[in-house]
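Q: Sequence plus the predicted model coming up.
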Amino acid sequence: MTLKLSRSQITAVLAALLVLLAGCSALGGSDGEAPTETDATTEEATTSEATTGAQTETNTTSEDGASELSGRMLVVVEGQEKHLDTEPGAKFSFNETDEHTWEAEESLTLAEALEAANVTAEPDSLTIDGETYNESDTNTTITYQVAGTEIEDPSEYELEDMNPAHEIVVRVDDHDQEVPGRLVEQSHPHPHGRLNMTVDGEPVDFTQERYVMSSEAFHFHGDEDAARWHGHSLNLTAAYAISTFPGMEVSGDSMTYNGTVYQRNGSETSFTVTVDGEEVDPNTYVLKDGDSVQVTLNETDESTVN
């Protein structure tokens with residue numbers, strides 16, 4: 001029996017076969033399974049997460065590459081301020097617009113940071129501008145301070161992000177420096193500390209008006225109730241600071257207070273100055289940030305100025 005189809009029937013069968021073949025092609029994937037709407041959503045989410053992750057990693061890298069640490073620094077050698085420079089690209093450098101602000105990309109010791117500025121810092125010596133200073137030299141002292149706390153070994157102190165009100169201070173001092181040295185502005189790094197004074201056991205009230213802003217170089221502020229002194233000089237000895245107050249003068253081994261002379265080693269009077277509990281020579285000791293100064297005057301027999 002022969003099946004005869006008309007031209008229209010043949011056309012209809014071919015059209016049906018083409019539709020069937022096109023459907024199979026659309027349903028087939030690389031693994032022969034059709035991606036569902038859920039699969040497509042999951043893939044989109046995965047792609048988004050990967051992109052977010054890459055952005056997060058990029059941000060972290062960017063943050064790590066930026067200056068993580070910063071603070072302020074003051075370097076004074078024999079009463080003269082030194083402004084340090086470093087090579088371009090150094091991990092420790094100074095801000096282009098503020099010569100007292102340093103920046104570091106990673107943790108460094110104070111000695112390593114100073115080395116980047118061609119300064120060799122050791123516990124008892126400092127080499128800067130080609131000259132080496134040693135504490136073994138007569139009348140020479142070398143101090144490293146961070147926020148008013150002395151650092152004995154600069155190779156053991158790790159730099160940290162610092163409050164702008166605090167500084168790293170590196171000093172070389174000798175007895176021949178100009179006193180009080182250059183005066184500095186309020187915005188310039190300068191020391192602060194505490195000052196107490198007793199006369200025959202009675203404390204001196206430094207909140208009195210005559211002790212407030214008594215000089216540009218050394219003074220109390222009226223709104224602080226004499227809680228701390230301010231030193232606006234690069235080389236401020238204890239003797240000079242005390243002598244800025246009216247009625248007080250330190251000269252050699254004696255101090256005059258309201259007309260009475262007190263001797264450092266006198267038999268009838270005594271005059272001592274201590275810093276953080278240790279007696280110092282007020283004529284040579286340079287005040288430093290955080291110093292707690294105690295002046296003590298006593299007399300057994302009255303000794304007055306002629």
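A: Thanks, I have the structure now. Numbering: from 1, shown residues only.
Q: On the three-state scheme, residue 98 is what?
A: When classified by DSSP: H, G, I helix; E, B strand; the rest coil, residue 98 comes out as coil.
Q: Verify the stated contact: residue 85 with residue 96.
A: No. Here residue 85 lies out of contact with residue 96, judged by C-beta atoms under 8 Å, at a distance of 10.9 Å. C-beta here means a position set from N, CA and C on the backbone, and glycine is covered the same way.
Q: Give me the more crowded residue out of the two.
A: Using other C-beta atoms under 10 Å as the criterion, residue 85 and residue 96 rank with residue 85 on top: 11 against 7.
Q: distance of the residue nearest to the more buried one when sequence neighbours are not counted from residue 91?
A: Setting aside the residues directly before and after it, residue 85 is nearest to residue 117 in space (C-beta to C-beta, 6 or more residues apart in numbering), at 6.4 Å. As defined by C-beta to C-beta, to the nearest Å, residue 117 lies at a distance of 12 Å from residue 91.
Q: Same question for residue 246.
A: Plainly put, residue 246 is 51 Å away from residue 91 if you go by C-beta to C-beta.
Q: do residue 132 as well
A: Taken as C-beta to C-beta, the span from residue 132 to residue 91 is 25 Å.
Q: more neighbours, the two?
A: Set side by side, residue 132 and residue 91 give different neighbour counts by other C-beta under 10 Å, the larger being at residue 91 (15 against 11).
Q: If we go by neighbour counts, what in the strand or helix carrying residue 197 is buried?
A: When elements are assigned from DSSP states H and E, residue 197 belongs to strand 192-199. Residues of strand 192-199 classed as buried under the neighbour-count rule (16 or more other C-beta atoms under 10 Å) are 192, 193, 195, 197, 199.
Q: Export those to TSV and append columns for pLDDT.
A: Formatted as TSV, these follow (pLDDT from 0 to 100):
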residue	pLDDT
192	95
193	97
195	98
197	98
199	97
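Q: Now flag whichever of the residues you listed is closest to residue 74.
A: For residue 74, the closest of the buried residues of strand 192-199 turns out to be residue 192, at 13.0 Å, with distances computed as C-beta to C-beta.
Q: what's the closest non-adjacent residue to the closest one?
A: Taking C-beta to C-beta, 6+ apart as the measure, residue 192 lies nearest to residue 228, with 4.9 Å between them; neighbours along the chain are not counted.
Q: That neighbour reaches residue 193, doesn't it?
A: Yes. Distance between residue 228 and residue 193: 6.3 Å, which falls inside the contact criterion (C-beta under 8 Å).
Q: helices and strands of the protein: which one bottoms out on pLDDT?
A: Taking mean pLDDT, DSSP states H and E as the measure, the helices and strands of the chain show their lowest mean at helix 37-65, namely a mean of 38.
Q: Which is the succeeding secondary structure element to that helix?
A: Where DSSP H and E defines the elements, the next helix or strand beyond helix 37-65 is strand 69-77.
Q: Can you name every helix or strand that that next one contacts?
A: Under the contact criterion of 3 or more C-beta pairs under 8 Å, 6 or more residues apart in numbering; DSSP states H and E, strand 69-77 touches strand 101-104, strand 125-128, strand 168-173.
Q: Can you tell me the strand partners of the helix or strand following it and which way each runs?
A: Beyond strand 69-77 in the direction of the C-terminus, DSSP H and E gives the next helix or strand as strand 80-81. Pairing partners of strand 80-81, with direction, according to DSSP bridges: strand 69-77 (antiparallel).
Q: Can you list the neighbours in contact with the strand it pairs with?
A: The list of residues contacting strand 69-77 from outside it, by C-beta atoms under 8 Å, 6 or more residues apart in numbering, reads 81-84, 94-95, 100-107, 119, 126, 128, 133, 159-162, 164, 166-173, 189, 234-235.
Q: And stretch 220-227, by the same measure?
A: Contact partners of stretch 220-227, identified using C-beta under 8 Å, 6+ apart, comprise 194-195, 205-207, 209, 211-214, 228-230.
Q: Check the offset of it from the chain's centre.
A: The gap between where stretch 220-227 is centred and where its chain is centred comes out at 25 Å by C-alpha atoms, centre = their mean, to the nearest Å.
Q: Then stretch 68-79?
A: Mean-position distance between stretch 68-79 and its chain equals 8 Å (C-alpha atoms, centre = their mean).
Q: go on, stretch 164-178?
A: With C-alpha atoms, centre = their mean as the basis, the distance from the averaged C-alpha position of stretch 164-178 to the chain average is 15 Å.
Q: list the contacts for the closest residue to residue 163 other than its chain neighbours?
A: The shortest distance from residue 163 to any residue that is not its chain neighbour, by C-beta to C-beta, 6+ apart, is 7.3 Å, and that residue is residue 147. Under the criterion of C-beta under 8 Å, 6+ apart, the contact list for residue 147 reads 162, 163, 166, 167, 289, 290.
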